[in-house]
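>>> prediction below, plus the sequence it came from.
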Amino acid sequence: MQFKVTTQNKFDGAAIMKRAGYHAHRDPYTGKWSFARRAGGEGHYPRYHAYLIEQPGIISVDLHLDQKKASYGGGTHAHAGEYDGRVVEEEAARIQKIVAGMMSAPEELEEEPKKGFFGKLFG
């Protein structure tokens, strides 16, 4: 499933996906970076898997659900992935809701620099 989110250049894709519970993943076969999040159970599968294309102010998300590890034999790239359906649509809506929340949140205040031990005593 493909969808777009508007960021108005406030956030990058990595920050959004991290907030949504995803971790960066580098495909050992293609070298491409993507983001993955477990969909339940233990182990790596099933997992939500997203590729991002970032443009100024807009991020295109290509999301699917991997049911099992890809089998790369004989030049094929087959895996049991769901690219649409209720579960994938719900995850896309969850990501869009997180982005909307990030966009509507007030600008985060800059943190004060941390003071050392003596700075706290005499500061």
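Cool, got the structure.
>>> ranges for the strands of this structure?
2-6, 23-26, 33-38, 47-55, 58-66, 81-82 (DSSP state E).
>>> worst mean pLDDT among the ones you listed?
If those are sorted by mean pLDDT, strand 81-82 sits at the bottom with a mean of 85.
>>> tell me the helices and strands packed up against that one.
In terms of contacts (3 or more CB pairs under 8 Å, 6 or more residues apart in numbering; DSSP states H and E), strand 81-82 is packed against strand 58-66. C-beta: built from backbone N, CA, C; applies to glycine.
>>> the strand it packs on versus strand 2-6: what angle between them?
Interaxial angle of strand 58-66 relative to strand 2-6 (axes from the mean of the first three to the mean of the last three CA atoms, to 10 degrees): 140 degrees.
>>> can I get the strands of the chain in a markdown table including mean neighbour count and distance to Ile16?
Formatted as a markdown table, the strands of the chain follow (neighbours: other CB atoms under 10 Å; distance: least, CB to CB, whole Å):
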| stretch | mean neighbour count | distance to Ile16 |
| --- | --- | --- |
| strand 2-6 | 15 | 7 |
| strand 23-26 | 12 | 12 |
| strand 33-38 | 16 | 9 |
| strand 47-55 | 17 | 9 |
| strand 58-66 | 18 | 7 |
| strand 81-82 | 16 | 22 |
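>>> closest one to Gly13 among those strands?
Gly13 sits nearest to strand 47-55 of all the strands of the chain, at 4.2 Å, using CB to CB.
>>> direction included, what does the closest one pair against?
Here strand 47-55 is paired, per DSSP bridges, with strand 33-38 (antiparallel), strand 58-66 (antiparallel).
>>> dump those into a markdown table; add distance to Ser104 as well.
Converted to a markdown table, the strands paired with strand 47-55 look like this (distance: least, CB to CB, whole Å):
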| stretch | distance to Ser104 |
| --- | --- |
| strand 33-38 | 23 |
| strand 58-66 | 17 |
